[in-house]
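Novice: Here is the input, now give the coordinates:
(chains A and B)
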Amino acid sequence: DGGITQSPKYLFRKEGQNVTLSCEQNLNHDAMYWYRQDPGQGLRLIYYSQIVNDFQKGDIAEGYSVSREKKESFPLTVTSAQKNPTAFYLCASNERGTDTQYFGPGTRLTVL
Amino acid sequence: AQSVTQLGSHVSVSEGALVLLRCNYSSSVPPYLFWYVQYPNQGLQLLLKYTSAATLVKGINGFEAEFKKSETSFHLTKPSAHMSDAAEYFCAVSRSGGSNYKLTFGKGTLLTVNP
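Specialist: This next block holds a predicted model:
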């Protein structure tokens, strides 16, 4: 089955530690996205990538970093510079030139 | 710049009653509009989307939405609510620019269905 996988489902980290969230897709989509979701805030765009080896900052990129070395993978690192990292993180993808995004199941990050 | 406003962060209906979730948009260009549904601790699933082909859009699970340009609205409706419809619903507008499509989401409306 084609789809997007995110791992792990739940992640706990101590304050001050960097943590990397995984996102893999086998849909052969060129574009991938990372969103952060907080209660009552909707989804906010962190980073996006339209093609391998290229990515752009979204609306709330501070304290986050990404890489896009392979078409199917778009990992997100939450750094210690992110002031309030506890949130639900969603990865999405779409075919280049289309607008319908497909979402993964999400990773809930809790920083203790 | 495109934006979306969802009126009502929480809507409660009885099973079998009409569901109406409101979405108003702001866009400087003809918009592409979407409704997504999210069940607890899961990702988002596309319900339906408007891309100018027809103003009344039918989606999955019996939902539909009507695009009204004069009111800049894209409200989501379902004639008869089912317990399984309880979820959070997000309206989104596409920010297009060449081949670069990004979505701007509303803050979501939590739908509760009472037996």
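Novice: Spatially nearest residue to residue B:78 (excluding sequence neighbours)?
Specialist: Using Cβ to Cβ, 6 or more residues apart in numbering or on different chains and skipping the chain neighbours, the partner closest in space to residue B:78 is residue B:19 (4.2 Å). Every C-beta, even on glycine, is put in place using the N, C-alpha and C of the backbone.
Novice: I'd guessed the one you found sits against residue B:81; true?
Specialist: Yes: the criterion here is Cβ atoms under 8 Å, and residue B:19 meets it with residue B:81 at 4.9 Å.
Novice: joint contacts of those two?
Specialist: By Cβ atoms under 8 Å, 6 or more residues apart in numbering or on different chains, residue B:19 and residue B:81 have these common neighbours: B:13, B:111.
Novice: more neighbours, these two?
Specialist: With neighbours defined as other Cβ atoms under 10 Å in any protein chain shown, residue B:19 and residue B:81 compare such that residue B:81 has more, 22 against 19.
Novice: Assign that one to helix, strand or coil.
Specialist: coil (DSSP: H, G, I helix; E, B strand; the rest coil).
Novice: got a list of what it touches?
Specialist: By Cβ under 8 Å, 6+ apart, the contact set of residue B:81 is B:13-19, B:111, B:113.
Novice: Swap in 7 Å and give it another go.
Specialist: B:13, B:15-17, B:19, B:113 (Cβ atoms under 7 Å, 6 or more residues apart in numbering or on different chains).
Novice: mind checking pLDDT for the spatially closest residue to residue B:27 that is not a sequence neighbour?
Specialist: Closest residue to residue B:27 apart from its sequence neighbours, by Cβ to Cβ, 6+ apart: residue B:2 at 4.6 Å. As predicted, residue B:2 sits at a pLDDT of 80.
Novice: cool, and residue A:95?
Specialist: 86.
Novice: Quick check: the nearest residue to it once chain neighbours are set aside vs chain B, distance?
Specialist: Distances taken as Cβ to Cβ, 6+ apart put residue A:29 closest to residue A:95, at 5.4 Å, once the chain neighbours are dropped. In this view, residue A:29 and chain B are 12 Å apart by Cβ to the nearest Cβ, to the nearest Å.
Novice: One more: residue A:81?
Specialist: 24 Å.
Novice: Setting the sequence-adjacent residues aside, check what's closest to that residue.
Specialist: Nearest residue to residue A:81, sequence neighbours excluded (Cβ to Cβ, 6+ apart): residue A:63, at 4.4 Å.
Novice: Measure how buried residue A:95 is and give me the count.
Specialist: 15.
Novice: And the one 3 residues further on, by the same measure?
Specialist: Residue A:98 is flanked by 14 other residues according to other Cβ under 10 Å.
Novice: Nearest residue to the most centrally placed residue in chain B in space, please, no chain neighbours.
Specialist: With distances taken as Cα atoms, centre = their mean, the residue of chain B nearest its centroid is residue B:35 (3.2 Å). Nearest residue to residue B:35 in three dimensions, chain neighbours excluded: residue B:47, at 4.3 Å (Cβ to Cβ, 6+ apart).
Novice: Please consider this matter closed, and thank you.
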